[in-house]
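Trainee: I'll drop the sequence and a predicted model, then ask my questions.
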Amino acid sequence: VIAERCGQPKDLDGTFDIKELQSIVSGYHSRIVALEEAKYDLEYEVRQNDFMLNELTIQVNELRGKFVKPVLKKISKFDKLKKCIKASDGGATENLHFSRQSLKAVKKKVKLAEKDKTERPEWASQKSCPDGVTEM
C-alpha cells in the first residue's frame, strides 16, 4: 500500500547533471502538490460533515426541548388505600389490585389478656426487704 502511494524510490547515488536532478525534483514536487490537494479536499469534507452533524444535533435538541414533561401528581399510599376500600364497598373489585376481601383476618384473643391481668403470681404479691422481713 505504501509503495502505491509513495512510488518507487529513485537511485540518487550516481552522478547526475543538473537537468536530470531538476526533473526528479519536479516529479517529487508535482506528486507532493497532488497529495496535498487530495488531503485538503478530504479535510474540507470532514469539516462539512462535522458542521452538518452539529446542526442536526442542535435541531434534535430543539425538538426535544419543545415537549415539556408533565408534572406528576404525588399521591400518598393512604389515599390509594382509602380509594380502593371505597371502590370495593361499591362492588367494583374486579379491576382493583387491592380489596377488602384480600385482607387477612385477625382474631383477637381477649379472654387470655383479661385472665392475665387478674391473676398475679405469688412472688409478685409479696415484696421482700433486705432484712429478710416480708411485707404484704
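Mentor: Perfect, I can see it now. Residues are numbered from 1 along each chain as shown.

Trainee: Touching stretch 18-25 from outside, list them.
Mentor: With Cβ atoms under 8 Å, 6 or more residues apart in numbering as the test, stretch 18-25 has contacts from 10, 12, 16. C-beta coordinates here come from the backbone N, C-alpha and C atoms, glycine included.

Trainee: show me the contacts for the last one.
Mentor: If you count contacts by Cβ under 8 Å, 6+ apart, F16 has them with I24.

Trainee: Run through the helices of this protein in chain order.
Mentor: Under the criterion DSSP state H, helices of the chain are mapped to 2-6, 18-66, 77-90, 110-118, 122-125.

Trainee: Worst mean pLDDT among those helices?
Mentor: Of all the helices of the chain, helix 110-118 carries the lowest average pLDDT, namely a mean of 57.

Trainee: any idea how far F16 is from G27?
Mentor: Distance, F16 to G27, using Cβ to Cβ, to the nearest Å: 13 Å.

Trainee: Repeat that for C6.
Mentor: C6 is 12 Å from G27, by Cβ to Cβ.

Trainee: Give me the common contacts of the two.
Mentor: In contact with both C6 and G27: no residue, using Cβ under 8 Å, 6+ apart.

Trainee: thinking again about what came up before, which member of the contacts of stretch 18-25 is positioned nearest D50?
Mentor: K10 (39.0 Å; Cβ to Cβ).

Trainee: how much space is there between that closest one and D41?
Mentor: Between K10 and D41 the distance, using Cβ to Cβ, works out to 27 Å.

Trainee: got it, and R5?
Mentor: Counting by Cβ to Cβ, the gap from R5 to D41 is 16 Å.

Trainee: and the contacts of stretch 18-25 as a markdown table, adding pLDDT?
Mentor: Converted to a markdown table, the contacts of stretch 18-25 look like this (pLDDT from 0 to 100):
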| residue | pLDDT |
| --- | --- |
| K10 | 75 |
| L12 | 72 |
| F16 | 77 |
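
Trainee: Break the chain into its domains for me.
Mentor: 2-66, 77-127 (automatic domain parsing).
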